[in-house]
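**Student:** Could you look at this predicted model? Sequence included:
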Amino acid sequence: MAATCYGHAVFFLLAQKHAGEVRAAAVPAVVTTGRNPAVIAADRATTVARLARVTERRCAEPCPSLRIERATLGARLDAIDVEATEAKRQEAAQDRADAERAAAVADPVTETLTTFGIQSRRVDLLAGLAFAAVLEAVACFCWVLALRPVESSKPNTGAAVTPVMNIQSPVVTEYRGYVPDASGPLPPPPQPVAAVTADHGDDVTRVMAEIAAGRLRPTVSEIRQYLGCSQSRAAAVRKQIGDSAQPALNQ
């Protein structure tokens with residue numbers, strides 16, 4: 001796990017470095033033209049020295065050549081000063097571009113954390129290790145979930161038997177049990193449950209007594225709620241109540 005975390009941390013650091021290089025490439029580059037400021041300063045010093053010598057020179061008669069040389073050196077000195085000013089401006093622009101490029105290379109979140117006195121490289125390393133640990137911990141947790149033992153339930157040795165109804169007879173016989181498989185043990189013989197006809201007769205008597213007392217309405221829903229039976233059984237009871245009440249209405 002430590003080796004994997006180290007590999008992840010290297011990947012995260014390289015990714016941050018690549019992202020910083022992409023951000024730095026977006027900063028416009030400053031192209032400098034002209035001579036080096038050091039060369040300009042040396043040329044200016046030479047021109048000032050020549051102008052000083054010409055200024056101290058004296059002529060008994062008007063010397064046009066001396067005045068021309070003084071004017072030439074003065075103009076050259078002015079040109080050198082302008083060139084030096086332009087070189088300083090370009091140098092300041094280059095410094096600003098370098099600063100912007102350095103700020104773009106650094107991660108924005110890391111730069112925010114450096115205000116607390118933490119070095120940016122240390123913050124990058126700690127962040128990469130933290131991300132790697134989280135990623136590897138999630139992977140280990142998934143492996144734990146995938147490899148944990150599963151409790152096996154007992155296999156079912158038979159299939160449930162549905163109730164069997166004799167269509168010719170009104171008596172419904174219900175059997176409860178399982179049909180054994182070839183490999184399973186033999187279950188006890190099925191025991192028939194009491195016929196439903198008698199139960200229906202008792203239910204009809206009870207329902208009719210409740211209806212006669214006015215405590216129950218002759219509807220399937222209330223009969224089902226009263227008896228606590230299924231919808232089909234309640235419908236059968238309601239039908240028998242109707243059949244029983246029909247002769248009385250005819251009389």
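**Tutor:** Looks like it came in fine. What you see is a predicted model; the values in this text were computed from it and never measured.

**Student:** Please identify the buried residues of the helix or strand harbouring Ile40?
**Tutor:** Assigning secondary structure by DSSP states H and E places Ile40 in helix 37-56. By neighbour count on 16 or more other CB atoms under 10 Å, the buried set for helix 37-56 is Ile40, Asp43, Arg44, Thr47, Arg50, Leu51, Val54. The way it works is simple: take the backbone N, C-alpha and C, and place the C-beta from them, glycine included.

**Student:** Tell me who's in contact with the second one.
**Tutor:** Looking back up the chat, that one is Asp43. Arg35, Ile80 (CB atoms under 8 Å, 6 or more residues apart in numbering).

**Student:** distance of it from Cys63?
**Tutor:** 26 Å (CB to CB, to the nearest Å).

**Student:** Asp78: how many residues sit nearby?
**Tutor:** Close neighbours of Asp78, defined as other CB atoms under 10 Å, add up to 11.

**Student:** so which strand or helix has the residue nearest to Met1 when sequence neighbours are not counted?
**Tutor:** Closest residue to Met1 apart from its sequence neighbours, by CB to CB, 6 or more residues apart in numbering: Glu136 at 5.7 Å. Per DSSP H and E, Glu136 falls inside helix 120-147.

**Student:** For that helix, the averaged confidence score.
**Tutor:** In this model, helix 120-147 has an average pLDDT of 83.

**Student:** quick one: contacts for Arg23?
**Tutor:** Ala104, Val105.

**Student:** domain ranges for the protein?
**Tutor:** 2-147, 196-250 (automatic domain parsing).

**Student:** before we move on, back to that, contacting residues around the residue nearest to Met1?
**Tutor:** Contacts of Glu136 (CB under 8 Å, 6+ apart): Met1, Thr4, Cys5, His8.

**Student:** again, but for Ala9
**Tutor:** Going by CB under 8 Å, 6+ apart, Ala9 touches Leu125, Gly128, Leu129, Phe131, Ala132.

**Student:** hmm, try it at 10 Å
**Tutor:** Contacts for Ala9 (CB atoms under 10 Å, 6 or more residues apart in numbering) come out as Asp124, Leu125, Leu126, Ala127, Gly128, Leu129, Ala130, Phe131, Ala132, Ala133.

**Student:** all strands for the stretch 51-200 of the chain, in order.
**Tutor:** Along the stretch 51-200 of the chain, counting by DSSP state E, counting those that start in this stretch, strands occupy 158-160, 164-165, 172-173, 178-180.

**Student:** Out of the ones you listed, which gets the lowest mean score?
**Tutor:** strand 172-173 - the lowest mean pLDDT of the strands of the stretch 51-200 of the chain, at a mean of 42.

**Student:** follow-up on the earlier one: just the buried subset of the contacts of Glu136, please.
**Tutor:** So, by 16+ other CB under 10 Å, the buried ones in the contacts of Glu136 are Cys5, His8.

**Student:** now, which of the contacts of Glu136 lie within strands?
**Tutor:** Assigned to strands by DSSP state E, none of the contacts of Glu136 qualify.

**Student:** And the contacts of Glu136, which is closest to Asp203?
**Tutor:** Met1 (70.2 Å; CB to CB).
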